[in-house]
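Undergrad: Fold the following and give me the result.
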Amino acid sequence: MISRRTPGALAFVVMAGLASSALLIPSGAAWANPAAANATPVISAETAGEVAVVEAEIERAAALRAAKTLQHTYAQYGEYGLWTDMAALFSRNGELVIGDRTISGPAAIEAYLRNEIGLGQDGLPPGAVNTQLMMAPVITLAADGQTARGRWQELTLRGRMGGTADWSGGMQVNDYVREDGVWKIARMHVIPQFAGPYETGWFSIGPEIPFVPYHYTSEEAGRPVSPLTPGQLDALRSAGTQSSLPDLERRVARMNDEDQVRNLQNIYGYYQDRKMWDDATDLFESGAVFEIAGLGVYEGVASIRRAFELQGPQDLQRGQVNDQLQLHTVVSVAPGGTEAVARGLQFGMLTPELGQAYWSISTFENRYAKGSDGKWRIREMRIYPRMKTDYYQGWHRNAVVDPVPTGVGAPDRPSPAPTSPQVANVIPAFFNNPVTGRPVTIPTGFAVVGDLGLLRDHGASSASGGNETERLADLRRRLDVSEAYDAVENISSTFGYYLDDYQWQRYVENYSVDGWRRKGTGAVYAGRAAIFKAESLSYGPMPVVRDWIRVHTRLQPVIDVGPDAQRAFIRTRMFLYFANSRSPGSWNSGMYPNDQAVLEDGVWKMRVGGWIDETYFNSRSYALGWARPDAPSTERQQGGAPADQSARGSPVSFPPSIPADQLGRRGYGVVRGYPGFAAWPEIKPMWFHYRNPISGRTPPLFCADVTVCVLEPGTGTPHPVEGSGD
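TA: Numbers count the residues shown, from 1 in each chain. This next block holds a predicted model:
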């Protein structure tokens, strides 16, 4: 008999009983649910009971990712004003709660969205913005496996060219339910915390910003799928299953593949940030195609490399920002396991040269292929610009439409016209609605562009070898690896939430017993007691009331789970923004490139949490933005704590486990006064825990395991050094 695995937290959109709604089918593509492809049992009676248990574990884990898919899809629909399909994501008695207002039922929700956000129209024309950034999810599943709850950070941009523009944001705590075999949104609870017009920036709402209660403990975040009860296990083993072992192997393989594709997309985003064009190009197949709608199509890696240089030469130069946040990524893997497609949002903060700043919003639609070496590569990338605007004017007063490149940057062929939603009533193709299973409803007067259907699949991935017992053991191991992905994303997000709310006891419970935290000063504190003392002395106790927030949003994760599902390495972006009642909000950009997680007593914990490499750029104020750091400041830089510091404690004054001046080579460039340090507008060196996943190229600053690198002598120069813990 196979022993029960330690539950983690992953999910996949393909699960038995979810019918067509769970498999996101590209419009026009004839994809069938692989769970129905083989209903004849091909396993022995002796192992049928254990297969039934594994099948149930797959379905329970899949619920978490189904919830994320619903939320990301809701935001994607909102980007283009598809109010009918947004409302269709709700259950029969679903609710949309915004502050003190409750809208009940899909019909009422659709009317609210159309009339109050869409101004009575279906579809958003060029120049209209309705971008809801959903970030930092923490999703947990109820013990019965039929309901789930998620906590999200929200930042929303709205407005129209020639009209008004505004910011809003806060928290969402949402419920999801399995109804008629399909996962739906049962309750979307929007908790506003700040808002304001574009001209002045955002401020906190009211004199107090509430602390939003947590729907989970640290243990539940790190083990978000409860183990099956003895009664559930007995019932499953007695009933057995009609599913085949090869079918379950294919389903878990697709879960693993989905994680790898998402990692690949997020890695691409980080290479874009730093203008690492060689590394970004490595991620594509040799015959890949890259299109920027309205600008043209580039065919083959040499041309794709030329396309990247439209943004400037290799590597960031002084005063440049090229942050390309990758959000709302929904991945669907073909039944054969060698092709995949993804749709998501690229949110840009761009500074071609000091003093200039632009916001940009684009939809990406990508195809990926798995090579004979088992590595996923980008086969086709399509970028559809939705909005680009001068930061100092706003998207209601300025629209930047990039011209078609000429000369050495000219595309190999033009884009079909018109294909850019920035200038035409076109909508990049969607997956089928995950609830109805049908193509989305396209508003009158709009056309669909792009094609999410796959090229010819290369064939099914081979099944595992060995006897039934060996295959079941391998199946559980690979499921553990994928489940760990979501559990680690949960605790990564939880780190930011607890830090924002000064929840120091919960915060340290999110760490392993020997966990590490590196503060912005450079000092490292090891163990829960030391971390608790360091944070509480630095920030002070949790305030009774507050009119401010400091939002440490951790997003765009690259999560590398070990093959035994006991340890994971994490890279996340820090999108740090502020709000209070006295001065408009602003933001900083940072990176947590070397965090780690471990499985401790069946629960995922942060082994290295918040290894911050300081900020890569700082926004001195809302008026100055990030691109004018040298201009005289006309207002105090926005921060979380009150000006009198009454809510803050004294600086950390007890000895750290590793002082800042003893960081070894991993300290290069990250602490003021340390070798290699650079402050904006100079370009700070950036560390990576991974080599290029395709070419294996080692980045200039490579540290696979920070607990090893930090003890190795520093060289004072950014030469590549081979790290351990790959």
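
Undergrad: Name the single longest helix found in this structure.
TA: Counting by DSSP state H, the longest helix found in the chain is helix 45-79.

Undergrad: Residues contacting the next helix or strand after that helix, please?
TA: Next helix or strand after helix 45-79 toward the C-terminus (DSSP states H and E): helix 83-87. Contact with helix 83-87 is made by 74, 77-78, 106-107, 109-110, 113-114, 117-118, 122, 433, 436, 440-441, as judged by C-beta atoms under 8 Å, 6 or more residues apart in numbering. Just so you know, the C-beta spots here come from the backbone N, C-alpha and C atoms, and that holds for glycine as well.

Undergrad: Which among those count as buried?
TA: 74, 77-78, 106, 109-110, 113-114, 117-118, 122, 433, 436, 440-441 (16 or more other C-beta atoms under 10 Å).

Undergrad: can you name the two of the residues you listed that are farthest apart?
TA: Largest separation among the buried ones among the contacts of helix 83-87 by C-beta to C-beta: Ile117 and Thr436, giving 21.1 Å.

Undergrad: what about Ala307, which helix or strand?
TA: Per DSSP H and E: helix 301-308 holds Ala307.

Undergrad: which residues does Asp259 contact?
TA: Neighbouring residues of Asp259 by C-beta under 8 Å, 6+ apart: Leu10, Val481, Ser482, Tyr485, Ile559, Val561.

Undergrad: Can you tell me which of the residues you listed end up in strands?
TA: Ile559, Val561 (DSSP state E).

Undergrad: Can you redo the contacts of Asp259 as TSV, where the extra columns are neighbour count and distance to Gly312?
TA: Shown next, in TSV, are the contacts of Asp259 (neighbours: other C-beta atoms under 10 Å; distance: C-beta to C-beta, whole Å):
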residue	neighbour count	distance to Gly312
Leu10	29	38
Val481	22	38
Ser482	28	38
Tyr485	29	34
Ile559	22	30
Val561	27	35
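
Undergrad: Nearest to Gly610, out of the contacts of Asp259: which one, please.
TA: Ile559 (15.8 Å).

Undergrad: check contacts around that closest one.
TA: Contacts of Ile559 by C-beta under 8 Å, 6+ apart are Asp259, Asn263, Ala484, Tyr485, Val488, Glu489, Ala568, Phe569, Ile570.

Undergrad: And the fifth one, how far from Val330?
TA: Separation of Val488 from Val330 (C-beta to C-beta, to the nearest Å) stands at 19 Å.

Undergrad: Tell me which of these two has more neighbours.
TA: Taking other C-beta atoms under 10 Å, Val488 and Val330 do not tie; Val488 has more neighbours (30 against 22).

Undergrad: So the more buried one: helix, strand or coil?
TA: helix (DSSP: H, G, I helix; E, B strand; the rest coil).

Undergrad: Touching, it and Val561? I think so.
TA: Yes: counting by C-beta atoms under 8 Å, Val488 touches Val561, with 7.1 Å between them.

Undergrad: Now list whatever residues contact both of the two.
TA: In contact with both Val488 and Val561: Ala568, using C-beta under 8 Å, 6+ apart.

Undergrad: right, and out of the contacts of Asp259, which lies closest to Gln272?
TA: Ile559 (19.2 Å).

Undergrad: ok, the closest one to Ser492 distance?
TA: On the measure of C-beta to C-beta, Ile559 and Ser492 end up 8 Å apart.

Undergrad: so what sits against both of these two?
TA: With C-beta under 8 Å, 6+ apart, Ile559 and Ser492 have common neighbours Ile570.

Undergrad: show me what contacts Tyr497?
TA: Tyr497 sits in contact with Ala136, Val138, Arg151, Tyr214, Gln503, where contact means C-beta under 8 Å, 6+ apart.
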